[in-house]
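> Sharing a sequence plus its predicted fold:
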Amino acid sequence: MSDITIYHNPACGTSRNVLAMIRNSGVEPTVIEYLKTPPSTEQIKTWLNAMGASARQVLREKGTPFAELDLGNPKWSDDELLAFIQQHPILLNRPIVVTPLGVRLCRPSEVVLDILPNPQQGPFIKEDGEMVIDAKGRRV
């Protein structure tokens with residue numbers, strides 16, 4: 001079992017790029033499709049604590065019921081926002097990656113490079129054509 005886990009949505013380009021960068025470091029991560037297997041509230045709280053983030057900072061607006069639930073309203077507490085995420089897992093922004101070096105919401109996708117234990121093994125170009133890693137495995 002890998003010591004790197006990605007909470008992934010295969011329909012998301014950013015999530016696919018992050019997964020590919022993890023693999024480019026020579027590791028096959030544990031991949032959890034979080035819409036099929038949502039994390040518990042306690043798990044999300046653990047991530048938030050590790051990231052020093054609030055529930056609001058991991059909410060996704062685009063393509064979710066964010067607006068119709070009025071989640072931009074500051075009246076909602078972290079616990080209330082986490083309850084909404086449990087009801088609608090699509091509200092959790094992605095991808096979230098857990099490694100021995102930390103936990104990050106990897107947006108933009110290059111954030112994952114800060115917490116990967118192994119260097120990139122070769123060049124990496126995102127799906128949109130942007131070069132992130134050169135032929136020597138260095139960040140561009």
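Thanks, I have the structure now. These numbers were taken from a predicted model, which means no experiment stands behind them.

> which outside residues touch whichever strand or helix holds Ile85?
Using DSSP states H and E, Ile85 sits in helix 78-87. Contacts of helix 78-87 with the rest of the structure, by CB atoms under 8 Å, 6 or more residues apart in numbering, involve 38, 41, 44-45, 48, 54-56, 59, 69, 71, 76, 91-92. (Glycine included, C-beta is placed from N, CA and C.)

> So how do I select the buried members of the residues you listed in ChimeraX?
If you want just the buried ones from those in ChimeraX, going by 16 or more other CB atoms under 10 Å, the selection is:
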select :38,44,48,55,59,71,76,91,92
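
> Now go through the contacts of helix 78-87 and say which are in helices.
Thr41, Ile44, Lys45, Leu48 (DSSP state H).

> possible to save those residues as a markdown table with distance to Gly13?
Compiled in a markdown table, these are given as follows (distance: CB to CB, whole Å):
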| residue | distance to Gly13 |
| --- | --- |
| Thr41 | 28 |
| Ile44 | 23 |
| Lys45 | 28 |
| Leu48 | 25 |
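
> Tell me the one of those nearest Tyr34?
Distance to Tyr34 across the ones in helices among the contacts of helix 78-87 (CB to CB) is lowest for Ile44, with 10.0 Å.
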